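Visitor: here is a sequence with its predicted model. Questions after.
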2 protein chains.
Amino acid sequence: MTASSSRSREALRAAQLYYLQHLTMEAIAQEMRVSRSSVSRLLAYARDSGLVEIQVHSPQEARSQLELRIAERYGITAHVVASPARATEADRLERTARTAAHRVAAAVGDRATIGVAWGATMSAVARHLPSKTVHETRVVQMNGAANVRTTGVSYAAELLGGFGNAFAASVYQFSVPAIFDDPDTRRALWRERSVSRVLELQASSDVYVFGLGSRIGDPRSRIYSGGYLDRDDLQELVRAGVVGDCGTVFYRSDGSTDGVAMNERSSGPSLDTVRRIPHRLCVVSGTAKRDSLRGALAARIITELVVDEELARLVVEAGG
Amino acid sequence: MTASSSRSREALRAAQLYYLQHLTMEAIAQEMRVSRSSVSRLLAYARDSGLVEIQVHSPQEARSQLELRIAERYGITAHVVASPARATEADRLERTARTAAHRVAAAVGDRATIGVAWGATMSAVARHLPSKTVHETRVVQMNGAANVRTTGVSYAAELLGGFGNAFAASVYQFSVPAIFDDPDTRRALWRERSVSRVLELQASSDVYVFGLGSRIGDPRSRIYSGGYLDRDDLQELVRAGVVGDCGTVFYRSDGSTDGVAMNERSSGPSLDTVRRIPHRLCVVSGTAKRDSLRGALAARIITELVVDEELARLVVEAGG
DNA sequence: AAGCTCATTGCACGTATGTGCATGATGTGT
DNA sequence: ACACATCATGCACATACGTGCAATGAGCTT
């Protein structure tokens, strides 16, 4: 404690001299009687421990056309992330995730409860979260990650841990299967107090951060390759006209979920539950998610959207 | 407009890529098809136009002993600014002013009215104000700056202009003498509508930023050399036991002002008026201001204090 | 239209900054 | 008490960055 606290003090001092007094690292090094490289490291520490916060303000008048059109058509705040033409899908995801990470940090405050889903997109977001000093903040996992092949614990734990660390938050895992085999098992488990306490937290979240699943018919999708669904499950989804999912809850392109039997077995929050959460931040990247994003917009489960430019164009230009 | 707006857009884009996506300037240059040096300049523009805001948070537990003792003894927030032992008085003033400038920016919000005094310290603060985008903000001069030798216009205007620019605020000058020869003239002028409108603004300020005058008996003081006071005036102050001034209003070491005749002729706000302003930010540097600061603390005209370490020690260690 | 001014750009240079590596310090477990 | 692991430090190098300068171009005046 004293060790890290004294490091924090030194980092704070260095940060004040560097960012507020505009001294060079060399000058700070002399003043603090350490080497210049130590100052460089102290400043790095100050930045990613949240001692130093760098904000980039986007004035309303600087909003892109795309963002304005999305705002107008769907009544939500959009952040369109541009990438160079030659960027790979992975690059675009990374950029979208970084932008999203900053939006998450902006959305988090004292005593906030943050619901998080899991997935490749959310993992990327978690990796890039800037630290922010807030108090009594809670992070709650919104849908189960266990499946027939693995417990999914390490994967979800790393993701949640990223959120927990960034905000010094208490983390509430949701240690249940992603999809149950039998809806009755779910109902029974939901009555367990240990589980229902987490369900209450989920429902009372202030912010819900999630990605969208797609490629429902595609055997390469994680939701298939991860062993969460078997072939019959997939066929059921395709027959039901499902185009995507949000926290393992499946919807059609018009945003409807009625009659999708699989949702009875899903561990994720129903879209009605989601819609009761005031701040719903969705992170999507990649043209493959076109239909999935359209469905989510139709379902009105998004209040703030971080999306890559290419996908945004696809969705906007198709007309609503 | 379009020119500066397109520059803002480019600066914003560069800032997002640099500060949020952590690309190098070289990479940004390629992406934006300009030279790296242009990116460097765009980022500089983004920083000092307030597009990018860099905050350094001081957690409560990192407060210095001195700050805690001042907080405890006087019930105010203190920021103690350390300087290397070999720093000159000018260096210390500069540092104190930079710190103060950031505190001012933090205190300013939409629709705020900021009262500012003038003086060497305030000039230094004005030079270092970071830009911040706020709306419908007003900056009002709190005490007159004209005197028998000069109108003081250019001097005060530059100072006020610094504040006005930083916050895109409307600036209200107070074009009256610092000290009147005849109190009746003041009373008459105070009834003028053009003047009384400014007086109302002053009284309704949300934040008052000021330095402290000292060296009351010292002919080197600006208040003397500037021609605001003559020798008789000075002797009067010394006889009255005055130790300092705040906005050309003079007080004794116990904070009292009663019976200081000169204040009847001063253009500055009475200490009672000052005490009605909720946020009162005082900036002081230099051991010569020891008695002056003590008096101001006794007068309770300070709610937030930015002070250099040496002076802070003098004041705290003397015991309250 | 020519001539002017002023802003913007890229280049080239020097300085400032980040980081792998070796070293020494600190602490921990046996 | 010793061996081991872990972490902080400074050095040296490579890279990233800021800025004076000259060239270019846009806009304005005469």
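Guide: Yep, that arrived.
Visitor: and whichever helix in chain A runs longest, what's buried?
Guide: Secondary structure of chain A per DSSP state H: the longest helix is helix A:89-107. For helix A:89-107, the neighbour count (16 or more other C-beta atoms under 10 Å in any protein chain shown) marks A:92-105 as buried. Using the backbone N, CA and C atoms, a C-beta is placed for each residue, glycine as well.
Visitor: pLDDT (mean, whole number) over that helix?
Guide: Taken as a whole, helix A:89-107 has a mean pLDDT of 95.
Visitor: so what secondary structure elements neighbour that helix?
Guide: Using 3 or more C-beta pairs under 8 Å, 6 or more residues apart in numbering or on different chains; DSSP states H and E, the elements in contact with helix A:89-107 are strand A:77-81, helix A:120-128, helix A:153-167, strand A:207-210, strand A:279-284, strand A:304-308.
Visitor: immediately after it, which helix or strand?
Guide: strand A:113-116 (DSSP states H and E).
Visitor: show me what that following strand is in contact with.
Guide: Strand A:113-116 is contacted from outside by A:104, A:107-108, A:122, A:126, A:137-142, A:159-160, A:163, A:167, A:169, A:201-202, A:204-210, A:269, A:277, using C-beta atoms under 8 Å, 6 or more residues apart in numbering or on different chains.
Visitor: between the helices and strands packed on helix A:89-107, which gets nearest to A:Val52?
Guide: Closest to A:Val52 of the helices and strands packed on helix A:89-107, according to C-beta to C-beta: helix A:153-167, at 14.5 Å.
Visitor: chain center to that closest one: distance?
Guide: Its chain's average C-alpha position is 11 Å from that of helix A:153-167, according to C-alpha atoms, centre = their mean, to the nearest Å.
Visitor: try stretch A:16-34
Guide: On C-alpha atoms, centre = their mean, the centre of stretch A:16-34 falls 36 Å from that of its chain.
Visitor: pull the residues that contact it.
Guide: Outside stretch A:16-34, the residues that touch it by C-beta under 8 Å, 6+ apart are A:10, A:13-14, A:35-36, A:38-40, A:42-43, A:52, B:54, B:56, B:84, B:95, B:98-99, B:102.
Visitor: so how far is the first residue of it from its last?
Guide: The first residue of stretch A:16-34 is 16 Å away from its last residue (C-alpha to C-alpha, to the nearest Å).
Visitor: same deal with stretch A:197-213?
Guide: Taking C-alpha to C-alpha, stretch A:197-213 runs 27 Å from one end to the other.
Visitor: do stretch A:22-42 as well
Guide: Per C-alpha to C-alpha, the first residue of stretch A:22-42 is 15 Å away from its last.
Visitor: any weak-confidence spans in chain A?
Guide: Scanning chain A for pLDDT under 70 picks out the ranges A:1-4, A:147-154, A:216-227, A:319-320.
Visitor: ok, whichever residue of the stretch 151-300 of chain A sits closest to chain B - how many residues close by?
Guide: At 11.2 Å from chain B, A:Ala168 is the closest residue in the stretch 151-300 of chain A, using C-beta to the nearest C-beta. A:Ala168: 14 surrounding residues under other C-beta atoms under 10 Å in any protein chain shown.
Visitor: report the contact partners of it.
Guide: A:133-135, A:137.
Visitor: now the helices for chain A?
Guide: A:2-15, A:25-32, A:36-48, A:65-74, A:89-107, A:120-128, A:153-167, A:183-191, A:193-203, A:222-225, A:231-240, A:271-275, A:290-298, A:309-317.
Visitor: hmm, A:Thr121 and A:Glu94 touching each other?
Guide: No: look at A:Glu94 against A:Thr121 with C-beta atoms under 8 Å: they stay out of range, at 10.3 Å.
Visitor: chain center to stretch A:167-182, what's the gap?
Guide: Computed by C-alpha atoms, centre = their mean, the chain-centroid distance of stretch A:167-182 equals 15 Å.
Visitor: and what of stretch A:234-252?
Guide: Put simply, stretch A:234-252 sits 21 Å off its chain's centre (C-alpha atoms, centre = their mean).
Visitor: now do the end-to-end distance for that stretch.
Guide: Chord length of stretch A:234-252, first to last residue, is 14 Å (C-alpha to C-alpha).
Visitor: so for it, what gets flagged as buried?
Guide: Counting neighbours by 16+ other C-beta under 10 Å, one finds that the buried residues in stretch A:234-252 are A:234, A:236-237, A:240, A:242-252.
Visitor: ignoring the adjacent residues along the chain, who's closest to A:Ser8?
Guide: B:Ala62 (6.3 Å; C-beta to C-beta, 6 or more residues apart in numbering or on different chains).
Visitor: which residues does A:Glu310 contact?
Guide: Neighbouring residues of A:Glu310 by C-beta under 8 Å, 6+ apart: A:83, A:92, A:287.
Visitor: about what we covered before: contacting residues for the residue nearest to A:Ser8?
Guide: A:5, A:8-9, A:12.
Visitor: A:Arg294 now?
Guide: A:243, A:253, A:315, A:318.
Visitor: and A:Val249, by the same measure?
Guide: By C-beta under 8 Å, 6+ apart, the neighbours of A:Val249 are A:143, A:257, A:263, A:266, A:268-271, A:274.
Visitor: how about it: which residues does it bridge to?
Guide: Bridge pairing for A:Val249 (DSSP bridges) gives the partners A:Cys246.
Visitor: any idea how far it lies from A:Gly144?
Guide: Separation of A:Val249 from A:Gly144 (C-beta to C-beta, to the nearest Å): 12 Å.
Visitor: which residues are in contact with both of the two?
Guide: Shared contacts of A:Val249 and A:Gly144, counting by C-beta under 8 Å, 6+ apart, come down to A:Gly268.
Visitor: what about the closest residue to A:Tyr74 other than its chain neighbours, neighbour count?
Guide: Once flanking residues are discounted, A:Tyr74 sits nearest to A:Leu297: 5.3 Å by C-beta to C-beta, 6+ apart. Using other C-beta under 10 Å, A:Leu297 has 19 neighbouring residues.
Visitor: rewinding a little: buried subset of the contacts of stretch A:16-34?
Guide: Taking 16+ other C-beta under 10 Å as the criterion, what is buried in these is A:10, A:13-14, A:38-39, A:42-43, A:52, B:54, B:56, B:95, B:98-99, B:102.
Visitor: can you name the two of these that are farthest apart?
Guide: Most distant of the buried ones among the contacts of stretch A:16-34, by C-beta to C-beta, are A:Ser38 and B:His102, 24.5 Å apart.
Visitor: by neighbours, which of the contacts of A:Ala168 wins?
Guide: In terms of neighbour count, A:Thr137 stands highest of those at 22 neighbours, by other C-beta under 10 Å.
Visitor: these two touch, right, that one and A:Val108?
Guide: Yes: taking contacts as C-beta under 8 Å, A:Thr137 lies within contact range of A:Val108: 6.3 Å.
Visitor: returning to that earlier point: from the contacts of A:Glu310, which is closest to DNA strand D?
Guide: For the contacts of A:Glu310, the residue nearest DNA strand D by C-beta to the nearest atom of the strand is A:Ser83; the value is 18.9 Å.
Visitor: that closest one: what's it in contact with?
Guide: So A:Ser83 contacts A:91-92, A:95, A:308-310 (C-beta under 8 Å, 6+ apart).
Visitor: quick check: the gap between it and A:Leu311.
Guide: Taking C-beta to C-beta as the measure, A:Ser83 falls 11 Å from A:Leu311.
Visitor: and what of A:Ala29?
Guide: Separation of A:Ala29 from A:Leu311 (C-beta to C-beta): 46 Å.
Visitor: out of the two, which sits in the busier spot?
Guide: Neighbours were counted for A:Ala29 and for A:Leu311 using other C-beta under 10 Å; A:Leu311 has more, 22 against 19.
Visitor: quick one: the more buried one and A:Ser292 touch, right?
Guide: No: judged on C-beta under 8 Å, A:Leu311 makes no contact with A:Ser292 at a distance of 9.8 Å.
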